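Engineer: Pasting the sequence and the predicted coordinates here, then a few questions.
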Amino acid sequence: MLWSPGAVMITELDKEGSSRASRDFSITTVSGRSMNINNNQTKVSIKPQSSVFAGDTVTLSCEGRLTERKIIWYKDFQTMTNDDRTLTLRDVGVSNGGKYACGVLHQTIQSPRVTLSVRVRPKPVARVHPDGRALGGQTVTLTCELRETDVSSWTYSWNKDDSPVHASRSPEYRIGSVDESHAGRYSCAGHEIGGSRHSHTSDEVTLSVSGPSMREPLFNVLLVGVISGLSGAFLLIFILALLFCCRRNKGGRSLSPSPDRRPPTISQTPTPSGSGTVNGTSRTNYVEVNMKSMEETKKKNKGEECYDHIYSKLSF
């Protein structure tokens, strides 16, 4: 049988051939017909986690029954100079990513390898809508965009003038009915949910808020008032003119008789001599009044409005 380095399981048997226990061992070296088999008791742990961003600090620990033995670290099957049970990598870069294992000096035992993944730290982009100056009372939406990461879920935190103001799982931060107190410089950052990774802080965006313009509403109110007043005045003038014309048409018809409407002839007849008796200084005048029938007058002036007036002329 040919053997090669790797992990094997060896089962202990009693005299009767029954299984007593099973343990994991590692075949570390093979030379001819001999091989070195060691109890696999070591392992490597990574904190805070195996996937980090550039700039983070990572701590690798070699754990197991190592007592006071000197530890050797391996990266991508290459021996490292560190001889401590703890390997701390500060301000890691992409080049620090790889497979790590630990072992004991002068022995061929190596722990199972673990993979450290290092990615470039992302930087979000902050946006504000509507862009530019917002009017008081409007709804403003701030958006934090994070792309090209392997993080499945983020918590988005917002700062206003370098002070925290909001945090949620939504990349949008909505401010309803803004006023001048909301004006300022806003920035955002992402923090991994259930992990230790976080993004860079975005560049700042400025939110400017101005109160509603008072000149325009006042001008509109004045304009509406002037138009309403003029409309009322014109309507009143029109009504008065209409009433004046109606009354003029009615009163314009002269109550004096027309030339064709000659009043009845009234003539005075001298007092007959010897008729009647005159007592004292009294004087008696006799007047003859010729009356025309109203019906005849209406027929004569057919089509013209007539009034029931009788005109007379007294001659003395």
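Structural biologist: Noted; the coordinates are in hand. All values derive from a computational prediction rather than experimental measurement.

Engineer: For the rest of this, base every contact and every neighbour count on C-alpha atoms.
Structural biologist: OK.

Engineer: SS state for Gly232?
Structural biologist: Secondary structure state of Gly232, per DSSP: H, G, I helix; E, B strand; the rest coil, is helix.

Engineer: Report how many residues lie close to it.
Structural biologist: Per other C-alpha atoms under 10 Å, the neighbour tally for Gly232 reads 12.

Engineer: Read off the pLDDT value for it.
Structural biologist: On the pLDDT scale, Gly232 is placed at 85.

Engineer: Can you tell me how far it is from Ile239?
Structural biologist: To Ile239, Gly232 is 11 Å away according to C-alpha to C-alpha, to the nearest Å.

Engineer: Likewise for Leu87?
Structural biologist: 102 Å.

Engineer: So if I had to pick from these two, which one is more boxed in?
Structural biologist: For Leu87 and Ile239, the more surrounded residue by other C-alpha under 10 Å is Leu87, and the numbers stand at 16 against 12.

Engineer: tally of neighbours for Thr81?
Structural biologist: Residues near Thr81, counting by other C-alpha under 10 Å: 9.

Engineer: In contact with it, which residues are there?
Structural biologist: 72-73 (C-alpha atoms under 8 Å, 6 or more residues apart in numbering).

Engineer: Quick check: which element contains it?
Structural biologist: In the assignment (DSSP states H and E), Thr81 maps to no helix and no strand.

Engineer: For Val92, grab the count of nearby residues.
Structural biologist: 18.

Engineer: so what pLDDT did it get?
Structural biologist: In this model, Val92 carries a pLDDT of 96.

Engineer: Is it within a helix or a strand, and which one?
Structural biologist: Residue-wise, Val92 maps onto no helix or strand under DSSP H and E.

Engineer: Would you mind confirming that it makes contact with Gly98?
Structural biologist: No: between Val92 and Gly98 there is no contact under C-alpha atoms under 8 Å: 11.8 Å.

Engineer: And the helices in the stretch 101-250 of the chain?
Structural biologist: 215-251 (DSSP state H, counting those that start in this stretch).

Engineer: which residues of it score low on pLDDT?
Structural biologist: Within the stretch 101-250 of the chain, the stretches with pLDDT under 70 are 212-221, 250.

Engineer: any chance you could map the strands in it?
Structural biologist: Counting by DSSP state E, counting those that start in this stretch, the stretch 101-250 of the chain has strands at residues 114-119, 125-129, 133-135, 140-145, 154-160, 163-168, 172-175, 184-192, 205-210.

Engineer: As CSV, those strands with distance to Thr108 and mean neighbour count would be great.
Structural biologist: Formatted as CSV, the strands of the stretch 101-250 of the chain follow (distance: least, C-alpha to C-alpha, whole Å; neighbours: other C-alpha atoms under 10 Å):
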stretch, distance to Thr108, mean neighbour count
strand 114-119, 18, 18
strand 125-129, 50, 19
strand 133-135, 69, 17
strand 140-145, 49, 19
strand 154-160, 43, 21
strand 163-168, 51, 13
strand 172-175, 55, 16
strand 184-192, 39, 22
strand 205-210, 58, 19
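
Engineer: will you turn those into CSV that also has distance to Cys62?
Structural biologist: Converted to CSV, these look like this (distance: least, C-alpha to C-alpha, whole Å):
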stretch, distance to Cys62
strand 114-119, 11
strand 125-129, 40
strand 133-135, 57
strand 140-145, 39
strand 154-160, 31
strand 163-168, 38
strand 172-175, 43
strand 184-192, 27
strand 205-210, 46
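
Engineer: who wins for proximity to Leu223 among those strands?
Structural biologist: strand 133-135 (23.4 Å; C-alpha to C-alpha).
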